[in-house]
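>>> Model the structure of this input:
(chains A and B)
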Amino acid sequence: MAKRLLVVFLMLAVVCALLTGCWDRKEMDDFSIVAALGIDKVEDEGRYEVTIELINPPEVVGGKEAASGRSSTTTIYSAKGDTLVSAIRRISQQTPRETFFPYTQVIIIGEELARSGIEDIFDLLERNQEFRSTPRVLIAKDNTAKNTLSILSPLEKIPAEKLLKTSKVSGESLGETISVKVLEFGRKFTSEGIEPLASGVSIIGQSEDGQSQSNIEQTTPNSLIKSEGVALFKKGKLVRWVDREEARGILYVINKIDRAIVTLDCNQKTKALSISVTDTRTTFRAFKTERTPAIDIHVKQEAEVEEVLCEMDVADRHSILDIEKQLEEKTKQEIEKAIEIAKEENSDVFGFGEAINRERPKAWRDIKKNYEEIFPELEVNIQVDAYVIKTGMRKETYRRE
Amino acid sequence: MKFDWNPFHKKKQETRSGNSQKELPISDDLSQNIKRLSDEFGDNSEIIIRELNTGMKKDIRVVSIYMDGLVDQTLVNEFILESLKLNHSDFDKNTPKKDVFNELRMNALTLSNVKVINDWDQLVLTILSGSTLVMIDGWNEVLSGETQGWEERAIQEPTSQTVVRGPKDSFTESLKVNVTLIRKRIKNVNLRVETFQIGTVSRTNISIMYMKGIAKDDLIQEVKRRLEKIDTDSIIESGNLEEFIQDHTSTPFPQLVNSERPDAAVGNLLDGRVVILVDGTPFVLIAPATFFQFFQSPEDYYQRADIATLLRLLRFFVFFLSLFAPSIYIALTTYHQEMLPFPLLINLAAQREGVPFPAFVEALIMEVTFEILREAGVRMPRAVGQAVSIVGAIVIGEAAVQAGIISPAMVIVVGITAISSFAVPSFSIAIPARILRFLLMVSAATAGFYGMILLVIMMAAHMNSLRSFGVPYLEPLSPFNLAAQADTFVRLPPKVKQKFTFKRDNTVNTANPLNKEGDSNG
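Numbering: from 1, shown residues only, chains lettered A, B, ... in the order given. The predicted structure is shown next:
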């Protein structure tokens, strides 16, 4: 009896396995991998123009599968539609294969769309299970996403990879751009007391030149993609671009500086000292004053002397102290400037509101409604502690007086 | 060797062979006996019946009977024929035959093992086993002298279970030699050997060996019971026997370990297992067997514990690979592409470009091709081996990829699978992997990892239901036995093992024979 039951059970199990009927099965040559998604605003034929960058795997891998460089490593398709999904589906009129989104590396948003508001695009990115939370959000500065995606780039075979890596590397080594994931960006949209920010990419040179293979066959490509600037948002709309030191000031506050290069004065000579900030840790706390809450920012920095263009004894304690003092001052200035800009635009990209909510929930309840009026007036105290921990492999400078 | 005739078995045999006239005792008329023998053996040219006269006056008729080829001619000549020819005291025609018989038995035959036979059935069997019979006219008992001697393969290095470090001898086709190889290693009276004859036609000698006091009595009784129950014409190899005594027939998993290594047999004997030896094959059976036992090589105990442990873990990994590699590849590339790292996905996608078959069909083609090659490799005559392997390598490796029929990644996967299936120390455990691999490929192709997991759950349930001579197949993992973990996935060095104060593995009674505590477990 037990044996018969077992047989029946086994048969059922086998039938269960077979009845699934290969649902969801797709061979790897049934779909095309999407490396990047670009979204632009259009006036005619719908709201959005969606651009996708499809990978042509044999060309990327090379070897004998490649059609000897006859086709490009990626192909750009775009279509328009009232919603993102309708535009994406319309692309299927042009592509022979299904699109496969999990490996989307970057999502590029055209500046025009960014300025007119981008909350709506995040619904799809979070609702659809094919999208991951990891693609980086980039804004095409002064350009459309479509143009930006069309530029072929040297070194990296897939332009989307290039965008991703450039934004990461420059963010890490220069400290003036930031690499933001979709999830983080979307979270800041929906949270109270914080506004999102994203890095920009711009095209150097003529964008028409950058679309052909010949662009990357030159040692000096006609056009290149550059990671540049940080876009501040306010209520889902891009309100201002900040760059260089101003951008760095913002990133200091939100603790996103990994490494940065700061130029300081040396004795009487201005901008003659390169200091590399190797580690920055920022914490800020909200505390309550009589009238409104206020914010205390504490920055702790570690730095190395990288380059000295003047006479200076780096082994001397006093000169090190001087550098530290200058660095503290400089960082403080940058942060102040950044806060000033944010206040001008009334965009709390730092999340001060969130900090107040977290630490003084009662106070936050009172000011939540008119936080827009409070933020420009918010009192912010900045304290910077900088330490020079290394002076490099050389003691004396080349220059002697 | 003593034949422990089993009454149960004998009864069975008698009922089966009703056409022969076995019930009759041996007659005291020599001529009648000889006639009967020639009737039974027919035109068999091998049987040699030598008549001669002995006694003082050469008037006592004596006959010696043996099978040519099964006996050592020198022994027969020197110790039987010679001694019969000698003048034995003062016998003549009138001496009572009983005295003659006893005289021959006690003094004449200068062989160590002389037996008295008074049963016709046994008489025939004794001849067929290579003994020489001596019959005296007028007496109904027969003397048999052990004169077995035939050409045997020498003890050679094991061919299917090799080790780097360890004994280099292996069992041969001779049961006697095999028993000796084990006996040589355990000089203990508790090592017991019991011999059966199984097969109504072949009457193959089968010995079971066990350590009395270490092996559980239940187990020994069970092994004997199962051997007695066997109802077959012949046992040619231990594989035949295995099919008769295993617990479950409808399973791909082997439930008895086979080995051609005496050291492996000895190790298992000392662990309380029963070793079953079959005459005519170098492969002995070891019972009971658990799944994890198949991953142990005798060499584990000859090497340092650290490397032995690592190698054991490697073997489990290798088994996993040989079972799952193609199905994982199929599931990943047809259902779960998003699980692959981005660069790998691009790479695999590039390889698949232009391949005409779905991944499953591709894998199936390659696996079947490999199975064909492997079978050809085993069966083909040595002389053409090289040709087959060259063609095989070219077909599998180069041509299929260059023609664009198979993607290179698939060749890698099949290659890994193939090598893995050979890296498992026991060939018999590689077989379920070989069969289940195809099932897994089907389930991976129908429902991806989900389907594979379904099948794995079924496999686990099935393995849990298996028993080998009453021992759960997944012991000591299920039911869990902490003590036995010291020598399952890892091998702890003996000193550490003792410090761990593990109780002894109670899968089988492994207590030291000198330690009486062991009996309580049995």
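>>> Any idea which helix or strand in chain A has the lowest mean pLDDT?
Scoring the helices and strands of chain A by mean pLDDT, DSSP states H and E places helix A:2-19 at the bottom, with a mean of 77.
>>> residues making contact with that helix?
B:443, B:446-447, B:451, B:454-455, B:458 (Cβ atoms under 8 Å, 6 or more residues apart in numbering or on different chains). Where C-beta positions appear, they are placed from N, C-alpha and C, glycine not excepted.
>>> try stretch A:202-215
By Cβ under 8 Å, 6+ apart, stretch A:202-215 touches A:69, A:72, A:140-143, A:147-148, A:150-152, A:221-226, A:228-229.
>>> Spell out the secondary structure type for residue 37.
As the question left the chain open, I've gone with chain A. Following DSSP: H, G, I helix; E, B strand; the rest coil, the label given to residue A:37 is strand.
>>> Pull out the buried residues from the contacts of stretch A:202-215.
The neighbour-count test (16 or more other Cβ atoms under 10 Å in any protein chain shown) marks A:72, A:140-141, A:143, A:147-148, A:150-152, A:221-226, A:228-229 as buried among the contacts of stretch A:202-215.
>>> burial count for residue B:377?
12 (other Cβ atoms under 10 Å in any protein chain shown).
>>> what's the answer for residue B:221, then?
By the criterion of other Cβ under 10 Å, residue B:221 has 10 neighbours.
>>> Tell me how far it lies from residue B:256.
Distance of residue B:221 to residue B:256, given as Cβ to Cβ, to the nearest Å: 17 Å.
>>> any weak-confidence spans in chain A?
A:1, A:16-23, A:63-70, A:207, A:400-401 (pLDDT under 70).
>>> So which of the contacts of helix A:2-19 are in strands?
Using DSSP state E, no member of the contacts of helix A:2-19 falls in strands.
>>> show me where the stretch 1-150 of chain B has strands.
Under the criterion DSSP state E, counting those that start in this stretch, the stretch 1-150 of chain B contains strands at B:47-54, B:60-67, B:114-117, B:132-136, B:142-145.
>>> So for residue B:186, which of these sits nearest?
strand B:114-117 (27.5 Å; Cβ to Cβ).
>>> sorry, back to before: restrict the contacts of stretch A:202-215 to those near chain B?
Counting by Cβ under 8 Å from any Cβ of the partner chain, nothing from those sits close to chain B.
>>> count of neighbours near whichever residue of the stretch 101-250 of chain B sits closest to chain A?
The stretch 101-250 of chain B approaches chain A most closely through residue B:250 (9.5 Å), counting by Cβ to the nearest Cβ. Neighbourhood size, residue B:250 [other Cβ under 10 Å]: 7.
>>> May I see the buried residues of the longest helix along chain A?
Ordering each helix of chain A by length in residues (DSSP state H) puts helix A:317-345 first. The neighbour-count check on helix A:317-345 (16+ other Cβ under 10 Å) flags A:319-320, A:322-324, A:326-328, A:330-332, A:334-335, A:337-339, A:341-342, A:345 as buried.
>>> contacts for the following helix or strand past that helix?
Later in the chain than helix A:317-345, the nearest helix or strand by DSSP states H and E is helix A:352-359. Residues outside helix A:352-359 that contact it (Cβ under 8 Å, 6+ apart): A:191-194, A:284-287, A:293, A:295, A:363-364, A:367-368, A:371, A:375, A:378, A:380.
>>> redo that, cut-off 7 Å
A:191-194, A:284-286, A:293, A:295, A:363-364, A:371, A:378 (Cβ atoms under 7 Å, 6 or more residues apart in numbering or on different chains).
>>> again, but for stretch B:486-503
B:292, B:300, B:305, B:308-309, B:312-313, B:316, B:476, B:483.
>>> Restricted to buried residues, select those in PyMOL.
To isolate the buried members of the contacts of stretch B:486-503 in PyMOL, using 16+ other Cβ under 10 Å:
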select buried, chain B and resi 292+300+305+308+309+312+476+483
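>>> Measure how far the least confident helix or strand of chain A is from the centre of its chain, please.
Offset of helix A:2-19 from its chain centre (Cα atoms, centre = their mean, to the nearest Å): 53 Å.
>>> Show me where the stretch 151-300 of chain A has its strands.
Per DSSP E, counting those that start in this stretch, the stretch 151-300 of chain A has strands spanning A:180-181, A:197-204, A:224-234, A:237-242, A:260-266, A:269-288, A:293-308. These are given in chain order.
>>> actually the stretch 401-522 of chain B, not the one I typed
Assigned by DSSP E, counting those that start in this stretch, the strands in the stretch 401-522 of chain B fall at B:467-468, B:471-472.
>>> Break chain A down into its domains, please.
Per automatic domain parsing, the domain ranges recorded for chain A read A:28-242, A:245-401.
>>> okay, the ones you listed, which one's buried deepest?
domain A:28-242 (a mean of 19; mean count of other Cβ atoms under 10 Å in any protein chain shown).
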